[in-house]
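Asker: test case, fold it:
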Amino acid sequence: MDNNRSMHVTLLPFSDVQAAIGKAREEWKETTDFNTAHHSEEEIDAVIPTGKEDFPFRHVMSSFFPTRFGHWVPLIAASQGASCWHVFEIPRYLAQELAGLYARAKDSDVGHSIVETLDDVISRLYTSMRAVRGLGDILEESAAEKPRSFLMPFNAAMGPARECRVFCPPGKGRISAISQYRWTEPFRFQSTDNANDEALVIYEGARAIYDRIMESAEKMQDSSIRGKMKEEGFTFDVLRTPSGEVQFVEINPFGAMSGCGSCLFNWIRDAKLLYGMEQQVRLQFAV
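Answerer: Numbers count the residues shown, from 1 in each chain. Modelled structure (predicted):
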């Protein structure tokens, strides 16, 4: 990984984020100032032209396959101090029924709580839009595959308000930017007076996790996983625990055309940064 990059921390006034959200609500639409996704090829190609020396790739809808939780669960578990996990297959008929009702259930109505029964598992799935979409993606990708659900040991430190999204553009072999994950509220720094120091801890932790991700990808038998990651890029989420650890949470697609939200960035406005065309690595938080 390229370590010769300076880090710049931007602390946005949360009032600016609130103003953008409020303006969008008045107009009955989503804000385009932050957390954009699903841009057109024409939009991103106008800012990051394809076929150039600094971007020899095509803009595509990123594949979900390299970012599947099952590929990364050993690394995620190790990062969170877990030595075991449970996996069970969901029958396709049940997955189809759940997908018709409304895969990590981070956005479930019940929030961050312990799963103790099969009913709890089913509840997490059908009350989570992300989980339902994940089931639908797997059902569409394969006519025979059964979706799998992973049960991890409960992590009391887990909380989206302390998570960050890390952007890793195609062909650059490095991190380009980091944003807080839950962009609709101020980031939970232990102390805003020491925000730069805490941001440095997050950056260094993210760099170490990036290296472990790429090492794991190189060891995987399916070479298409690392090939897609290098050609399409990826994002991953990290957790800054109250004790100061930086843990690996999950991996997601990259790119303006993907459904991956840009959090406190905008995929088009900040394209040069996110796609690794700028020298500095920017960490952006709202306070």
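Asker: quick one: residues contacting the residue lying closest to residue 192 once chain neighbours are set aside.
Answerer: Spatial nearest neighbour of residue 192, chain neighbours left out: residue 287 (5.3 Å); criterion: CB to CB, 6 or more residues apart in numbering. To be clear about C-beta, it is placed using only N, CA and C from the backbone, and glycine gets the same treatment. Residue 287 is in contact with 11-14, 186-187, 189, 192, 195, counting by CB atoms under 8 Å, 6 or more residues apart in numbering.
Asker: let me know the closest of those to residue 162.
Answerer: Closest approach to residue 162 among these (CB to CB): residue 187, at 8.0 Å.
Asker: you'd agree the closest one is in a helix?
Answerer: No - using DSSP: H, G, I helix; E, B strand; the rest coil, the assignment for residue 187 is coil, not a helix.
Asker: now do the contacts for it.
Answerer: Here residue 187 is in contact with 161-162, 180, 285-287 (CB under 8 Å, 6+ apart).
Asker: export the residues you listed as a markdown table, with columns for pLDDT and secondary structure.
Answerer: A markdown table is the format used below for these (pLDDT from 0 to 100; DSSP: H, G, I helix; E, B strand; the rest coil):
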| residue | pLDDT | secondary structure |
| --- | --- | --- |
| 161 | 90 | helix |
| 162 | 92 | helix |
| 180 | 98 | strand |
| 285 | 97 | strand |
| 286 | 96 | strand |
| 287 | 94 | coil |
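Asker: and these, which are buried?
Answerer: The neighbour-count criterion (16 or more other CB atoms under 10 Å) marks 162, 180, 285-286 among these as buried.
Asker: what subset of the contacts of residue 287 is buried?
Answerer: For those, buried by 16+ other CB under 10 Å: 11-12, 14, 186-187, 189, 195.
Asker: could those residues be laid out in a markdown table, adding distance to residue 43 and pLDDT?
Answerer: Listed next are the buried ones among the contacts of residue 287 as a markdown table, based on distance: CB to CB, whole Å; pLDDT from 0 to 100:
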| residue | distance to residue 43 | pLDDT |
| --- | --- | --- |
| 11 | 28 | 96 |
| 12 | 23 | 96 |
| 14 | 28 | 96 |
| 186 | 30 | 95 |
| 187 | 28 | 95 |
| 189 | 33 | 89 |
| 195 | 32 | 92 |
